[in-house]
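Peer 1: Just need the structure, nothing else, for what follows:
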Amino acid sequence: MSTRIAFLKGHGTENDFVIIPDPENAVDLSPAAVAALCDRRAGIGGDGVLHVVRSAAHPEAREMAAEAEWFMDYRNADGSIAEMCGNGSRVFARYLQHAGHVAEGDVAIATRGGVKSVHIAKAVSHGDSAEGDITVGMGRALLPAGHVTVSVGERSWPARNVNMGNPHAVAFVDDLAHAGNLYTPPSFSPASAYPDGVNVEFVVDRAPRHVAMRVHERGSGETRSCGTGACAVAVATARRDGADPAVTGTPVTYTVDVPGGTLVITEHPDGEIEMAGPAVIVAEGEIDAGWLESAARRR
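Peer 2: The predicted model follows:
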């Protein structure tokens with residue numbers, strides 16, 4: 001490991017990430033090292049780490065290298081590996097643009113959830129930064145059968161099981177405060193529904209085709225935003241409202257407010273889901289490799 005490791009910090013609707021550019025996959029990011037980087041008091045702080053690697057250089061992405069040059073090796077704040085992160089993929093694309101690897105327009109990004117299509121809209125420049133919406137093709141939602149219940153304290157709600165490449169339980173509530181502090185994972189049943197844990201979204205209505213949500217992200221706790229969660233919420237809300245583009249042949253769009261901003265989710269008749277929202281790079285610098293090794297050993 002070199003003595004200095006480059007990093008950037010970025011966010012999408014305040015879902016924030018430590019970005020580690022590592023084209024040749026040379027940086028050893030152990031779970032403890034990731035947790036140290038994401039520590040908001042003793043590290044840089046973030047909801048996760050975006051490890052930027054060329055697909056050809058990563059064993060989990062080599063088969064996707066012909067379709068996507070870059071692999072988003074995403075880690076949750078506790079160091080665990082996640083299949084996909086919607087907000088992270090927008091910030092990842094913004095980094096690629098920031099670094100000069102891609103330009104405005106369409107770009108393919110490899111993830112553990114498959115190759116994702118991203119569109120970078122023409123950005124409005126503010127000094128050295130660029131801001132503007134990035135749209136991500138999030139794939140299709142799977143709606144596993146069976147009843148699921150989520151609970152916080154003495155309250156319980158039926159939830160819709162939605163898989164966006166990662167698992168979600170979507171519960172409609174009367175008040176977002178009923179979700180509690182979301183420091184710890186809400187309980188769910190049956191346990192067999194989510195053997196590897198689950199992201200839990202709590203949802204209230206704001207207006208027709210407009211909802212607000214809070215989320216507990218598996219491995220990270222409550223976050224200010226969750227892209228795959230917003231997609232899961234839009235699909236679950238559409239089905240609750242009797243809307244299914246595969247049946248009607250008409251796309252359906254929902255505005256989803258998250259604590260950190262607003263995302264716009266569109267489900268198309270072929271099942272493909274698109275998510276649009278902002279992504280911003282806010283800082284860059286260097287990490288002392290010795291500090292990272294020491295901080296990881298203490299965990």
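
Peer 1: Hmm, residue 178 is touching residue 154, no?
Peer 2: No. Using C-beta atoms under 8 Å, residue 178 is not in contact with residue 154, being 10.2 Å away. C-beta: built from backbone N, CA, C; applies to glycine.

Peer 1: Compare neighbour counts for those two and give me the winner.
Peer 2: Higher neighbour count among residue 178 and residue 154: residue 178, with 15 against 5, using other C-beta atoms under 10 Å.

Peer 1: wait, is that one part of a helix?
Peer 2: Yes. Counting by DSSP: H, G, I helix; E, B strand; the rest coil, residue 178 falls inside a helix.

Peer 1: so who does it touch?
Peer 2: 152, 155, 202 (C-beta atoms under 8 Å, 6 or more residues apart in numbering).

Peer 1: number of nearby residues for the first one?
Peer 2: Applying other C-beta under 10 Å, we find 21 residues neighbouring residue 152.

Peer 1: ok, the residue lying closest to it once chain neighbours are set aside to residue 226 distance?
Peer 2: Among residues not flanking residue 152 along the chain, residue 180 sits closest, at 4.5 Å (C-beta to C-beta, 6 or more residues apart in numbering). Counting by C-beta to C-beta, to the nearest Å, the gap from residue 180 to residue 226 is 17 Å.

Peer 1: Please identify which of the two sits among more neighbours.
Peer 2: Each of residue 180 and residue 226 has its neighbours counted (other C-beta under 10 Å); residue 226 has more, 33 against 15.

Peer 1: For the stretch 51-200 of the chain, which residues score under the pLDDT cut-off?
Peer 2: Low-confidence segments of the stretch 51-200 of the chain, defined by pLDDT under 70, span residues 123-131.

Peer 1: Tell me the one of the contacts of residue 178 nearest residue 240?
Peer 2: Distance to residue 240, by C-beta to C-beta, is smallest for residue 202 among the contacts of residue 178, at 14.2 Å.

Peer 1: Residue 214: what's it in contact with?
Peer 2: 176, 179, 182, 201, 202, 222, 258, 259.

Peer 1: how about the helices in the stretch 51-200 of the chain?
Peer 2: 86-98 (DSSP state H, counting those that start in this stretch).

Peer 1: Would you state the strands of it in chain order?
Peer 2: In the stretch 51-200 of the chain, the strands defined using DSSP state E, counting those that start in this stretch lie at 70-76, 105-111, 114-120, 124-126, 129-131, 133-140, 148-152, 155-163, 167-172, 187-189, 199-207.

Peer 1: May I see the buried residues of the third one?
Peer 2: Of the residues in strand 114-120, those buried by neighbour count under the rule 16 or more other C-beta atoms under 10 Å are 115, 116, 117, 118, 119, 120.

Peer 1: what does the last one give?
Peer 2: Burial within strand 199-207, assessed by neighbour count using 16+ other C-beta under 10 Å, is assigned to 199, 200, 201, 202, 203, 204.

Peer 1: which residues touch the last one?
Peer 2: Applying C-beta under 8 Å, 6+ apart, one finds that residue 204 lies in contact with 172, 173, 174, 175, 176, 211, 212, 213.

Peer 1: And for the most centrally placed residue in the chain, nearest residue in space, chain neighbours not counted?
Peer 2: Closest to where the C-alpha atoms of the chain average out (C-alpha atoms, centre = their mean) is residue 85, at 2.6 Å. Closest residue to residue 85 apart from its sequence neighbours, by C-beta to C-beta, 6+ apart: residue 74 at 4.9 Å.

Peer 1: my guess is that neighbour meets residue 50, correct?
Peer 2: Yes. With contact defined as C-beta under 8 Å, residue 74 and residue 50 form a contacting pair (6.3 Å).

Peer 1: what residues are shared contacts of those two?
Peer 2: The contact lists of residue 74 and residue 50 share residue 88, where a contact means C-beta under 8 Å, 6+ apart.

Peer 1: re the thing from before, need the strands of the stretch 51-200 of the chain in TSV with distance to residue 254, can you?
Peer 2: Compiled in TSV, the strands of the stretch 51-200 of the chain are given as follows (distance: least, C-beta to C-beta, whole Å):
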stretch	distance to residue 254
strand 70-76	24
strand 105-111	23
strand 114-120	19
strand 124-126	25
strand 129-131	23
strand 133-140	13
strand 148-152	21
strand 155-163	13
strand 167-172	12
strand 187-189	24
strand 199-207	10
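
Peer 1: Which one of the ones you listed lies nearest to residue 294?
Peer 2: The closest of those to residue 294 is strand 70-76. By C-beta to C-beta, the value is 19.3 Å.

Peer 1: could I get that closest one in PDB with only the CA atoms?
Peer 2: The C-alpha trace of strand 70-76 is given here as PDB (Å, rounded to 0.1, in the frame of the first residue of the first chain):
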ATOM      1  CA  TRP A  70     -15.500   0.900 -14.700                       C
ATOM      2  CA  PHE A  71     -16.700  -1.200 -11.700                       C
ATOM      3  CA  MET A  72     -18.400   0.300  -8.700                       C
ATOM      4  CA  ASP A  73     -17.000  -1.900  -5.800                       C
ATOM      5  CA  TYR A  74     -19.500  -0.600  -3.300                       C
ATOM      6  CA  ARG A  75     -19.100  -1.100   0.500                       C
ATOM      7  CA  ASN A  76     -21.500  -0.200   3.300                       C
END
